[in-house]
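Peer 1: Predicted model and sequence follow; I will ask about them next.
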Amino acid sequence: EVQLVQSGGGWVQPGGSLRLSCVASGFTFTTYNMNWVRQAPGKGLEWVSDITSSSYTTYYADSVKGRFTISRDNAKKSLFLQMNSLRDADTAVYYCARTERGYFDYWGQGTLVTVSS
Amino acid sequence: DIQMTQSPSSLSASVGDRVTITCRASQSISRYLSWYQQKPGKAPKFLIYDASTLQSGVPSRFSGSGSGTDFTLTISSLQPEDSATYYCQQSYNTPHTFGQGTKLEIK
């Protein structure tokens, strides 16, 4: 059974940092691209970042470019999102998602990030 | 960036009704279109990919069609458990944009 288990959310003041984690099981992690998608309270889904299976290439939404960094540790079957210079507008539930040809076929349970003073 | 526009934003229908949600891309995306279902407080669920291919385990009352810029998600006979918000998403290129969502309620 494919599982993505997330951790690392919480409350942070504007300008602060947080690191999200996502641990995968039930599939060969090294053969899949992985993504982060977020959802602000009461709003729709917004793609955040993408990393290829080997970490060779990463992509970011313009709204987070230069502030967020996606990474992965294939040996530990783990995906990360380092979020710096956080803003109120980054408040959202963040989901990790396995990616198959650009589609998000399995999702983590989500973790809430609240940026507020 | 490719913009994805869904219509309607919300709708209400009765059990047994046929329901159609449309999704329009701002440029041609071939058939690189998927659909997701999201219930309150839950992660989205992957329903359809390549515009019309049903993900394993998804009930056959769900179907998708379209290519280029215009796509539809159809539920042939609405069930109570189909109450949710539905999103389309393009995977033609990055950013992998989503539609704004369609909230489906059961009368």
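Peer 2: Done, it's in. Numbers count the residues shown, from 1 in each chain, chains lettered A, B, ... in the order given.
Peer 1: Residue ranges in chain B under the pLDDT threshold?
Peer 2: Along chain B, no part satisfies pLDDT under 70.
Peer 1: which parts of it sit against chain A?
Peer 2: Contact residues (C-beta under 8 Å from any C-beta of the partner chain) of chain B with chain A: B:32, B:34, B:36, B:38, B:43-46, B:49, B:55, B:87, B:89, B:91-92, B:94-101. The C-beta positions use only the backbone N, C-alpha and C, and glycine is treated the same way.
Peer 1: List the ones among those that fall in strands.
Peer 2: B:34, B:36, B:38, B:45-46, B:49, B:87, B:89 (DSSP state E).
Peer 1: what's near enough to touch residue 29?
Peer 2: All of this refers to chain A. A:F29 is in contact with A:74, A:77, counting by C-beta atoms under 8 Å, 6 or more residues apart in numbering or on different chains.
Peer 1: Chain B, not that one
Peer 2: B:I29 neighbours (C-beta under 8 Å, 6+ apart): B:2, B:68-69, B:90, B:92.
Peer 1: Tell me how far it lies from A:M34.
Peer 2: Applying C-beta to C-beta, to the nearest Å, the value for B:I29 to A:M34 is 22 Å.
Peer 1: what's the helix or strand for the residue most central in space within chain A?
Peer 2: The centroid of chain A falls nearest to A:W36 when counting by C-alpha atoms, centre = their mean (3.2 Å). Per DSSP states H and E: A:W36 is located in strand A:33-39.
Peer 1: mind listing what that strand pairs with, with the direction of each?
Peer 2: Strand A:33-39 pairs in its sheet with strand A:45-51 (antiparallel), strand A:92-100 (antiparallel), by DSSP bridges.
Peer 1: any idea of the mean pLDDT in the last one?
Peer 2: Strand A:92-100 comes out with an average pLDDT of 96.
Peer 1: What lies in contact with that strand?
Peer 2: Counting by C-beta under 8 Å, 6+ apart, residues outside strand A:92-100 touching it are A:2, A:4, A:6, A:9, A:20, A:22, A:24, A:27, A:32-41, A:43, A:46, A:48, A:50, A:79, A:81, A:104-108, A:110-113, B:43-44, B:49.
Peer 1: of all of chain B, which residue lies closest to chain A?
Peer 2: The minimum distance from chain B to chain A, using C-beta to the nearest C-beta, falls at B:S91 (2.6 Å).
Peer 1: show me the contacts for the closest residue to B:R61 other than its chain neighbours.
Peer 2: Leaving aside its chain neighbours, B:R61 sits nearest to B:S76 (4.6 Å; criterion: C-beta to C-beta, 6 or more residues apart in numbering or on different chains). Shown in contact with B:S76 (C-beta under 8 Å, 6+ apart): B:18, B:61-63.
Peer 1: Quick check: the gap between B:S76 and A:Y94.
Peer 2: 34 Å.
Peer 1: Okay, now the sheet partners of whatever helix or strand B:T22 lives in, with direction.
Peer 2: If you go by DSSP H and E, B:T22 is part of strand B:19-25. With DSSP bridges as the test, strand B:19-25 is paired with strand B:4-7 (antiparallel), strand B:70-75 (antiparallel).
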